[in-house]
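> Any chance you could fold what I've pasted below:
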Amino acid sequence: MSTAVNISVAAPAYNEAETIAAVVGEWQDYLDGNPAVGDWEIVVCDDGSGDGTGEILAALRARCPRLVVVTFDRNRGAGAAIAAAIAHTRLDWVVLLDSDGQFPIANLDRVLPRVRAGEALAFSGARIRKADGLAYRWGSAASGAVSNLLHGTRYRDFNSIFKVVYGPLFRALPLESGGMNCSTEITARVAELGHEWVEVPIEHRERGGGSRGWRYWRGARDRALFVAYLGLRHWLLRRGVLRRTAPQPDERVPEAVAAAAEEAR
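Numbers count the residues shown, from 1 in each chain. Next up is the predicted model:
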């Protein structure tokens, strides 16, 4: 396969001063050294950090012109930061990561061949072993099971933030989540539009530092409410009570992707 994939990395960052330089450096080294990657960029949204994350990103930006930094003057929540990072991407495929290092970018090794083969428009990482604490693993499993039930899907890791999505499709999604539920919403929104996620097994690491930005019980309550909202929205869309607010993307694999697959063969 000779056709390289043009990739934008999109990520939120909130109080990640301990690890942000190492994580961005890891991303840069991977993208720059991988022959399967063509043009690339890294877009990080600093969500009003107060620990020096912004200053570190500015210094990294001076050394890496392909790093784009979007800055919020105050903390607006992970959902807003993720949406802003995605909106500022420009390349063919967008990889959604977190800035705390939990999702190694090397997981792309398992996705890129399938992107180049033109298999789908949306890929999601299914964590082989979740490195979160027991309470977070239980909460994720419970909300994922309910989300699958409400949407008629059978995804192993409905809430995984590791996503690789065709850029025009990703940038067209009308994301509403204001907190840590954005990854769940992304899975639901793409399913709403009739696209199937292709799940790929990925590695998951313990959190390297930073701040979650929400307490467990408040987050569990908010996630339960948000999952219920997404399920109700899905039901109303199916009944025609709601109309889709985003343009319906072409359900076929885009010509550029199909051409890449044909050339690879």
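> List the strands paired with the helix or strand where Glu41 lies, with their directions.
Here Glu41, judged by DSSP states H and E, is contained in strand 37-47. As defined by DSSP bridges, the strand partners of strand 37-47 come to strand 5-13 (parallel), strand 67-72 (parallel).
> Pick the most deeply packed of the ones you listed.
Comparing those by mean neighbour count (mean count of other C-beta atoms under 10 Å), strand 5-13 comes out on top with a mean of 26. For the C-beta atoms, the positions are set from N, CA and C on the backbone; glycine is no exception.
> Check which helices and strands the next helix or strand after that strand is in contact with.
Counting by DSSP H and E, the next helix or strand C-terminal to strand 5-13 is helix 20-33. The helices and strands touching helix 20-33, judged by 3 or more C-beta pairs under 8 Å, 6 or more residues apart in numbering; DSSP states H and E, are strand 5-13, strand 37-47, helix 53-63.
> got the contact list for the residue positioned nearest the centre of the chain?
Nearest to the mean C-alpha position of the chain, by C-alpha atoms, centre = their mean, lies Leu96 at 2.9 Å. Leu96 makes contact with 10-11, 82, 86, 161-165, 170, 183, 186 under the criterion C-beta atoms under 8 Å, 6 or more residues apart in numbering.
> So in terms of bridging, what pairs with it?
Taking DSSP bridges as the rule, Leu96 bridges to Ala10, Lys163.
> what's the distance between it and Val23?
For Leu96, the distance to Val23 (C-beta to C-beta, to the nearest Å) stands at 14 Å.
> Lowest-scoring secondary structure element of the protein by mean pLDDT?
Within the chain, judged by mean pLDDT, DSSP states H and E, the helix or strand with the poorest mean is helix 255-264; its value is a mean of 48.
> ok, Asp98 touching Ser160?
No - the pair Asp98 / Ser160 is not scored as a contact, 10.4 Å apart, by C-beta atoms under 8 Å.
> neighbour count winner among those two?
Just comparing Asp98 and Ser160: by other C-beta atoms under 10 Å the higher neighbour count belongs to Ser160, 26 against 20.
> Over to stretch 115-127 now: how far is its first residue from its last?
Stretch 115-127 has an end-to-end distance of 19 Å (C-alpha to C-alpha, to the nearest Å).
> Off-centre distance for it?
A distance of 12 Å separates the centroid of the chain from that of stretch 115-127, by C-alpha atoms, centre = their mean, to the nearest Å.
> Buried residues, that stretch. List them.
For stretch 115-127, a neighbour-count test (16 or more other C-beta atoms under 10 Å) marks 115-116, 118, 120-127 as buried.
> Give the rounded mean pLDDT of that stretch.
What stretch 115-127 shows for mean pLDDT is 95.
> Same question for stretch 192-210.
Stretch 192-210 comes out at a mean pLDDT of 82.
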